[in-house]
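Enquirer: Give me the fold of what follows.
(2 chains)
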Protein chains: 2
Amino acid sequence: MKKNIIVMKFGGTSVGSVEKIKRVADRAIKSKNEGNNVVVTVSAMGNTTDDLIELACAVSKNPPKREMDMLLSTGEQVSTALLAIAIAEKGKKAVSLTGYQAGIFTDDIFSDAKILTIKKDRIFAEFEKDNIVIVAGFQGITNNNDITTLGRGGSDTTAVAIAATLNAKYCEIFTDVDGVFTTDPNIVENAKKINVLSYDEMLELASSGTKVLHLRAVEFAKTHGVIIHVRSSFNNNEGTWVMDTEKLNKKMEKAVVAGVSYDTNQVKISVFGIPDRPGIAAKLFSELANAHINIDLIVQNVGEKGIAAISFTIKKEDLEAGKKVVKDLKEKLEITNIEIDTEIAKLSIVGAGMKSHPGVAATMFSCLGNNGINIEMISTSPIIISCVIRQERIKEAVKLLHDEFELGK
Amino acid sequence: MKKNIIVMKFGGTSVGSVEKIKRVADRAIKSKNEGNNVVVTVSAMGNTTDDLIELACAVSKNPPKREMDMLLSTGEQVSTALLAIAIAEKGKKAVSLTGYQAGIFTDDIFSDAKILTIKKDRIFAEFEKDNIVIVAGFQGITNNNDITTLGRGGSDTTAVAIAATLNAKYCEIFTDVDGVFTTDPNIVENAKKINVLSYDEMLELASSGTKVLHLRAVEFAKTHGVIIHVRSSFNNNEGTWVMDTEKLNKKMEKAVVAGVSYDTNQVKISVFGIPDRPGIAAKLFSELANAHINIDLIVQNVGEKGIAAISFTIKKEDLEAGKKVVKDLKEKLEITNIEIDTEIAKLSIVGAGMKSHPGVAATMFSCLGNNGINIEMISTSPIIISCVIRQERIKEAVKLLHDEFELGK
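Expert: Numbers count the residues shown, from 1 in each chain, chains lettered A, B, ... in the order given. All right, here's what the predicted structure looks like:
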């Protein structure tokens, strides 16, 4: 009989110490003993990546990205080797593979590479040898044999991409919480674990600040129909399943709002004085895209005499690069003024049921307004509504919306 | 005009800190600015390798060697990336390469692999881009894409092998001393730097305990005629040249004894009761070879009734493995007793002139004997004489021989 293939992914905190690595080994062996072919992808141990970044920054303030990837990819290589050693110590066969050895080919956008293809020969060859296969997450190789990294959270993507390639039964993402919650349990005491989410809901939650699963991994899973199980590495509880919920009974759809998420890692850049002519805003945003800066929310207001003000939010770590792009364009785009606001937060509600339930946005805005919380930017899509508010009010706002939509019940 | 190629190798202490890495960057840039194509091979920073070994030992007392190589190879990858970053910070182009990327193919004896071939395409392609090429020492890859390490000191071998492949002008081995000395300057105050050594002299010095250059690297250099320059990474002084001295004037050969070396990292295993029949000793030593244990000295005495006693020395780190081989053979070889002696030291004098100067051995033995130092084992070859003595007398013995052969003058 053909064995099921299970992909298991453990993050940095799950492999943060020798003891924890031994526990990961136990889990992998358990799944193997249940008759599965098992692939484990791991992140770097605990703070390894940050330590390496610190080391590089001591050498140069602007290290070449190719060399950073060469440097950072060692973190995962260390944890894969240690996990293979831990499994061998427990009497089971295991082999560790770098991204290159596992056949993970990416484009050459260093530090933020995208997986192009995975050659599965090596992994299958190791299954034939009855090995548990441990693959370094977060990394790959270009066609020119240069090591790349997928950017932060890329280990999730590695796991899902391998699951897709191998046609795995499902992909288990082990983390330090029990699953995906209706909101951050650190802020709202009665936040509840969600049992099932559609890919789109998970996408919106991930993109709006829920950190438990990496956005790109969910996109990959959606495209390839990979079933994800987000669960705790500390217990055996059922976690949150992310899958095509259309195939389930329709009960799920009744959850109008599935969760409240927030993101305090954004900054707002406002540029004033841009002429409201076709192509001007496009020029700004294409230059930002060329610098690999992802824009989140955009608001454009046209004022007197056809002069526009454009505000957009980006990640805090892109602020310096973003400022540079805008300043370089100042003359060309006739920008009169640039404002940076770092004290913002983004607040979102997500739910596949929203598209068939009008009035959700109104409920959200009234709830915030009634409590004196000013909304500075708004963005909506069929299953998510996001607002930018002052950062100092964010915890309060999350609690208010969680109560308003009765998510704790 | 075709550029000269220079290979520079820096050991772990030379790249032990961010400051030191910056200094290595300066040296590489200096050589590049002199018009050379430059390859730099580096070891892991300071104690990285030992730290990784400790981590692995916390997971398992007997980690699989393949996984250890996967683990340890990250140490060099980190230092190559940091050196490339340091060179870029100083405005020069550099690229770091793992053993695999540099095309260094080895056999599959994990933890002690031998270089089979180096594909030079990538390094030459990087020369074309005007890059200083930084290659991770100590590592390679098998035909099956598994990462190997060359064993301790393997970075020297990497450097020499690259120099041979690229037909480099010479290979500079940077270290924390000024070159190769007539003996250990920590023991003998008037030890002197040797200006030129033949490959054979350097081979014997390296094999008898002089740690400045790795044995296998010298063998490689001899086979391929690579000129080595051993010099300090802390100053610009001329160091010791290791080369084919036949091509130099004959003055060199007058040095009957070039140096005194010693090795306290050996243990003696004695087995008693082996029948003196053909093939019995061969069986013992072939089993040791199968376990990848290198034998140094061997002494066999045949006693009464054709019963032999065999003593041999091995490296301390091979003791457990060596004991196991001997114990497993105990019944088969009719061994009656096994003795382990860890308190020995090996003392050697090396010199190409010895072969044409009879009486050198006698001088050595008399000198030791007159000072009450007992010789327990002896081994000689045309250019080296080695004795095993008690470890507690080794420093005294080194001083005596250094004086006896007037090496401090």
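Enquirer: count of residues packed around the nearest residue to A:S348 once chain neighbours are set aside?
Expert: Leaving aside its sequence neighbours, A:S348 sits nearest to A:S208 (C-beta to C-beta, 6 or more residues apart in numbering or on different chains; 3.6 Å). For the C-beta atoms, the positions are set from N, CA and C on the backbone; glycine is no exception. Using other C-beta atoms under 10 Å in any protein chain shown, A:S208 has 23 neighbouring residues.
Enquirer: Same question for A:K93.
Expert: Neighbours of A:K93 (other C-beta under 10 Å): 15.
Enquirer: From A:V133, how far off is it?
Expert: Counting by C-beta to C-beta, to the nearest Å, the gap from A:K93 to A:V133 is 10 Å.
Enquirer: circling back: surely the residue nearest to A:S348 and A:V260 touch.
Expert: No. Contact criterion C-beta atoms under 8 Å: A:S208 and A:V260 do not qualify, at 9.1 Å.
Enquirer: which stretches of chain A form helices?
Expert: A:18-33, A:48-59, A:65-89, A:121-128, A:154-166, A:199-207, A:215-224, A:280-290, A:319-328, A:360-370, A:394-404 (DSSP state H).
Enquirer: hey, least reliable of these by pLDDT?
Expert: Per-segment mean pLDDT for the helices of chain A reaches its minimum on helix A:280-290, at a mean of 85.
Enquirer: Show me the one of the helices of chain A that comes nearest A:I385.
Expert: Between A:I385 and the helices of chain A, the shortest gap by C-beta to C-beta is with helix A:360-370, which sits at 5.1 Å.
Enquirer: Quick check: pLDDT value at A:A291.
Expert: pLDDT, read off for A:A291, is 88.
Enquirer: how deep is it tucked in, by neighbour count?
Expert: Using other C-beta under 10 Å, the number of residues around A:A291 comes to 12.
Enquirer: list the contacts for it?
Expert: A:A291 makes contact with A:321-322, A:324-325, according to C-beta atoms under 8 Å, 6 or more residues apart in numbering or on different chains.
Enquirer: ok, now with 10 Å
Expert: Taking C-beta atoms under 10 Å, 6 or more residues apart in numbering or on different chains as the criterion, A:A291 is in contact with A:318, A:321-322, A:324-325, A:328.
Enquirer: Which member of those residues is positioned nearest chain B?
Expert: A:A321 (18.1 Å; C-beta to the nearest C-beta).
Enquirer: who's in contact with the closest one?
Expert: For A:A321, the contact set (C-beta under 10 Å, 6+ apart) comprises A:288, A:291-293, A:314-315.
Enquirer: separation between it and B:E287?
Expert: Taken as C-beta to C-beta, the span from A:A321 to B:E287 is 63 Å.
Enquirer: For stretch A:145-160, output the C-alpha coordinates as CSV.
Expert: The C-alpha coordinates for stretch A:145-160 follow below in CSV (Å, rounded to 0.1, in the frame of the first residue of the first chain):
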residue,chain,number,x,y,z
ASN,A,145,23.7,27.8,-7.6
ASP,A,146,23.5,30.8,-5.3
ILE,A,147,21.8,30.3,-1.9
THR,A,148,18.7,32.3,-1.4
THR,A,149,16.3,32.8,1.6
LEU,A,150,12.6,33.2,1.3
GLY,A,151,12.4,36.0,3.8
ARG,A,152,11.0,35.8,7.4
GLY,A,153,8.4,33.2,7.9
GLY,A,154,9.6,31.4,4.8
SER,A,155,9.8,28.1,6.6
ASP,A,156,6.0,27.9,6.4
THR,A,157,6.2,28.4,2.7
THR,A,158,8.9,25.7,2.4
ALA,A,159,6.7,23.2,4.2
VAL,A,160,3.6,24.0,2.1
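Enquirer: Pull out the buried residues from it.
Expert: A:146-151, A:153-160 (16 or more other C-beta atoms under 10 Å in any protein chain shown).
Enquirer: which residues are in contact with both of A:K93 and A:V133?
Expert: A:84, A:126.
Enquirer: Out of the buried residues of stretch A:145-160, flag the one nearest to B:I187.
Expert: Once C-beta to C-beta is applied, the member of the buried residues of stretch A:145-160 that ends up nearest B:I187 is A:I147, at 44.8 Å.
Enquirer: Count the neighbours of A:E238 for me.
Expert: Other residues within reach of A:E238 by the criterion other C-beta under 10 Å amount to 13.
Enquirer: Correct me if wrong: it contacts A:H229.
Expert: Yes. Here A:E238 reaches A:H229: they are 8.2 Å apart, a contact under C-beta atoms under 10 Å.
Enquirer: and the closest residue in space to A:L319 that isn't next to it in sequence, what is it in contact with?
Expert: Of all residues not flanking A:L319 in the chain, A:V267 sits nearest, at 5.2 Å (C-beta to C-beta, 6+ apart). By C-beta under 10 Å, 6+ apart, the contact set of A:V267 is A:312-319, A:322-323, A:340-344.
Enquirer: And A:V267, what's its pLDDT?
Expert: 95.
Enquirer: Same question for the one 10 residues further on.
Expert: Note on A:R277: pLDDT of 75.
Enquirer: hmm, back to that, give me the buried subset of the contacts of A:V267.
Expert: Counted by 16+ other C-beta under 10 Å, these give A:312-315, A:318-319, A:322, A:341, A:344 as buried.
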